[in-house]
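[1] could you look at this predicted model? Sequence included:
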Amino acid sequence: MELLDVQQVQEVAEKIKKQFQAIDSVEEISIIEAVGRVLAHDMVSKEDVPGFHRSTVDGYAVKARNTYGSTESMPTFFHITGSVEMGKDVNQTIQEGQAMYVPTGGMLPEGADAVVMIEDVEVVGDLLNVFEQVAPRENVIFKGEDVYDGEVVLKKGHRLRPQDLGGLAAIGVTKVPVYTKLKVGLLSTGDEIVPPETEELLPGQIRDINGISIAAAVQALGGQIIYGGIVKDQFDQYLSKSQELFQQVDFLILSGGSSMGTKDYTSQVMNQLGSPGVFVHGISIKPGKPTIIANCNGKPVMGLPGHPVSAMVLFELFGRQIMNQLHHVNENPFAKQLRARISRNIASQVGRTDYVRVQLEIRDHELWANPVFGKSGLITNLVKSDGMIEISQYKEGIIAGEWVNVILFS
Ligand SMILES: Nc1nc2c(c(=O)[nH]1)N[C@H]1C(S)=C(S)[C@@H](COP(=O)(O)OP(=O)(O)OC[C@H]3O[C@@H](n4cnc5c(N)ncnc54)[C@H](O)[C@@H]3O)O[C@H]1N2
Ligand code: MOO
């Protein structure tokens, strides 16, 4: 009898860290198509943003100290010396007791250090009554306040989000160096698996779920998926199809055939793809215990369990780690987590790490995580979930009402 030699989650993560090198291939692309891509260099601003002091309101630019003591009943008087035009330079300087009209976003004249909102003034010809005092810097964005000349705006390894691209546009960077998309191969195995477009299923057949869900998870992380289709539980066909795909990709994922059944060939196939071969076969985790990870001539190959929930959870935990590692990604794991209270007791086994799917709900102004229990063969358990929680290997479970970290599904 063959048995799995299970390893702890942390041990597996450490081993992955040591096994695989990041890939250095870089290309330059337009910021318009760069969302989700990973920066290959630090991005440094060559200028101040904004390049001039700007008003944040429609109002009058003044010296703040001239407004001190102004109230509704005791306004201060100013002389209006002109208006600032949007997008134009201002040639005047504000002297003591002077004010200039400035629209929102307009340039602050020299000598002014604050803007009084138009709601707080009354204009009488070229005289201005100010009813509210302002502090220096009030209602103004100062030159270089957003970004200063020489500032590192984004760091190498950062995955670009829409706001980051806005930040690059602000400093005039329209082309960015990014790591070339990782090529990730995916193969589904199983005599019973048929393409999702199969209209009428024959007895015993099921549609390929992992070929779609894992491909989408790879793409969501910025990878380019090369889908090899479905192979039968037949060793030679499985091996030759895997070898063909392996040559074309940076990371190969095989779905199914990971446990110890008579037709579970995945670990044998992996050991034929390169050396040193399989270094994880079995993780002390639920779901996903029979997961396999191999290093085949320096290239990662992952064997995901066939059950669709297990496949997605294990991809989220270790497929993501492998992709981020190959792709130089610096990810803040806490950006994907939030705290909630668990609504039910959940028992767990000491020595095993459990991942329980949860649905989030606001109750009495607090965020609650409701466990979505169910077998790992049921994809809709994941469809109904917003994220998952981890129950550490050291715990016998969690008690209703406890605060937990929810890892959000993206
Ligand atoms: N005797 C034992 N049997 C099993 C064990 C065990 O320890 N001892 N582990 C169980 C666990 S846990 C899991 S998870 C599965 C892992 O199975 P495999 O990775 O070997 O995958 P298959 O046997 O090929 O399939 C399992 C299950 O998943 C369905 N499947 C497979 N691929 C897909 C796909 N692309 N889309 C949708 N569904 C898929 C398949 O039809 C099976 O129902 O093993 C347990 N057994
Ligand atoms: O771990 Mo399996 O992944 O329970 O279904």
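    On my side now, so go ahead. Ligands and ions are numbered 1, 2, ... in the order given.
[2] near ligand 1, which residues of the stretch 151-300 of the chain?
    Neighbours of ligand 1 within the stretch 151-300 of the chain, by CB under 6 Å from any ligand atom: 188, 190, 192-193, 206, 208-211, 255-261, 264, 289-290. No exception for glycine: its C-beta is placed from N, CA and C like everyone else's.
[3] out of those, which are close to ligand 2?
    Applying CB under 6 Å from any ligand atom, the subset of those adjacent to ligand 2 comprises K289.
[4] ok, and what's touching the longest strand along the chain?
    Taking DSSP state E as the assignment, the strand of the chain that covers the most residues is strand 353-363. Counting contacts by CB atoms under 8 Å, 6 or more residues apart in numbering, the residues outside strand 353-363 that touch it are 8-9, 284-288, 309, 313, 317, 340, 342-343, 346, 348, 367-374, 381-382, 384-393, 406.
[5] now do the helices in the stretch 101-250 of the chain.
    In order along the chain, the stretch 101-250 of the chain carries the following helices (DSSP state H, counting those that start in this stretch): 162-170, 210-220, 235-248.
[6] now the first one: buried residues?
    The reference is to helix 162-170. When burial is assessed from 16 or more other CB atoms under 10 Å, helix 162-170 yields the following buried residues: 164-165, 167-168.
[7] what about I292, how many neighbours?
    When counting by other CB atoms under 10 Å, one arrives at 28 neighbours for I292.
[8] grab the nearest non-local neighbour of it.
    The shortest distance from I292 to any non-neighbouring residue, by CB to CB, 6 or more residues apart in numbering, is to G303 (3.4 Å).
[9] and what of Y355?
    M388 (4.7 Å).
[10] any of the contacts of strand 353-363 buried? List them.
    With neighbours counted by 16+ other CB under 10 Å, these contain buried members at 9, 284-288, 309, 313, 317, 340, 342-343, 346, 348, 368-372, 381-382, 385-391, 393, 406.
[11] on that earlier part again, could you identify which of the helices of the stretch 101-250 of the chain is most buried?
    With neighbours taken as mean count of other CB atoms under 10 Å, the helices of the stretch 101-250 of the chain reach their highest mean count in helix 210-220, at a mean of 20.
[12] what lies in contact with it?
    Outside helix 210-220, the residues that touch it by CB under 8 Å, 6+ apart are 36, 184, 186, 188, 193, 196, 225, 227, 229-230, 253, 255-256, 304, 306, 308, 311-312, 315-316, 319-320, 323, 379, 410.
[13] and these, which are buried?
    36, 184, 186, 188, 193, 225, 227, 230, 253, 255-256, 304, 306, 308, 311-312, 315-316, 319-320, 323, 379.
[14] how many other residues sit next to V35?
    Burial of V35 is recorded as 13 neighbouring residues (other CB under 10 Å).
[15] contacts only, for it.
    Residues near V35 by CB under 8 Å, 6+ apart: 160-162, 165.
[16] before we move on, what about G229?
    Contacts were defined as CB under 8 Å, 6+ apart; by that measure G229 touches 187-188, 211, 241.
[17] and it, what pLDDT?
    For G229, the pLDDT comes out at 97.
[18] next, work out how far apart it and ligand 1 are.
    Noted for G229: a distance of 11 Å to ligand 1, by CB to the nearest ligand atom, to the nearest Å.
[19] can you check F77 too?
    78 Å.
[20] V12 too?
    From V12 across to ligand 1, the span is 16 Å (CB to the nearest ligand atom).
[21] element containing that residue, please.
    Element membership for V12, per DSSP states H and E: helix 9-19.
[22] contacts for that helix, please.
    Identification of contacts with helix 9-19 by CB under 8 Å, 6+ apart yields 7, 279-280, 283-285, 293, 295, 300, 317-318, 321-322, 325, 353, 393.
[23] returning to that earlier point: the buried ones among the contacts of strand 353-363 in helices, which ones?
    Where the buried ones among the contacts of strand 353-363 overlap with helices, as defined by DSSP state H, the overlap consists of 9, 309, 313, 381-382.
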